[in-house]
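Peer 1: Dropping the sequence and predicted coords here.
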Amino acid sequence: MEENNFDLIDFGIYMFFHAFAALGAFYIIGWPCFENQSFHLFMLVFVAWLAVTRGSRRYTYYTTKMYSRTIRKQYADILDETKNK
């Protein structure tokens with residue numbers, strides 16, 4: 001995943017299921033939102049909560065795990081010298 005090296009068949013399968021789910025969402029989520037104001041409010045709150053939760057997890061990953069791993073790779077020789085003393 002870090003090199004972004006994916007097969008074209010994997011991309012095609014992903015895009016097919018993504019299109020199928022997106023079109024299906026019109027009927028599974030869209031119609032109930034149109035018909036029922038309470039369901040629409042629930043979906044708005046749920047989607048906002050989902051975006052905040054996933055965004056915070058991604059931000060935490062970028063600022064802690066990925067960044068610290070990159071720094072350790074760049075300064076691996078200095079860290080090894082410090083450990084060997």
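Peer 2: Okay, I see it.

Peer 1: Please count neighbours and contacts with C-alpha atoms only from this point.
Peer 2: Will do.

Peer 1: starting at the chain centroid, how far to stretch 8-20?
Peer 2: 17 Å (C-alpha atoms, centre = their mean, to the nearest Å).

Peer 1: send the alpha carbons of the strand or helix carrying residue 78 over as CSV?
Peer 2: For residue 78, the host element (DSSP states H and E) is helix 76-84. In CSV, the C-alpha atoms belonging to helix 76-84 read as follows (Å, rounded to 0.1, in the frame of the first residue of the first chain):
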residue,chain,number,x,y,z
ALA,A,76,18.5,4.6,12.2
ASP,A,77,22.3,4.9,12.1
ILE,A,78,22.3,7.5,14.9
LEU,A,79,19.9,5.4,17.0
ASP,A,80,22.1,2.3,16.5
GLU,A,81,25.2,4.2,17.6
THR,A,82,23.5,5.5,20.7
LYS,A,83,22.3,1.9,21.6
ASN,A,84,25.8,0.5,21.1
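
Peer 1: Tell me the helix or strand right after the strand or helix carrying residue 38.
Peer 2: For residue 38, the element it lies in under DSSP H and E is helix 37-60. Sequence order places helix 67-74 as the next helix or strand after helix 37-60, per DSSP H and E.

Peer 1: Pull the residues that contact that next one.
Peer 2: Residues outside helix 67-74 that contact it (C-alpha atoms under 8 Å, 6 or more residues apart in numbering): residue 79.

Peer 1: 10 Å - rerun?
Peer 2: 60-62, 66, 76, 78-79 (C-alpha atoms under 10 Å, 6 or more residues apart in numbering).

Peer 1: so for the helix holding residue 38, what's the average pLDDT?
Peer 2: Here helix 37-60 scores 95 as its mean pLDDT.
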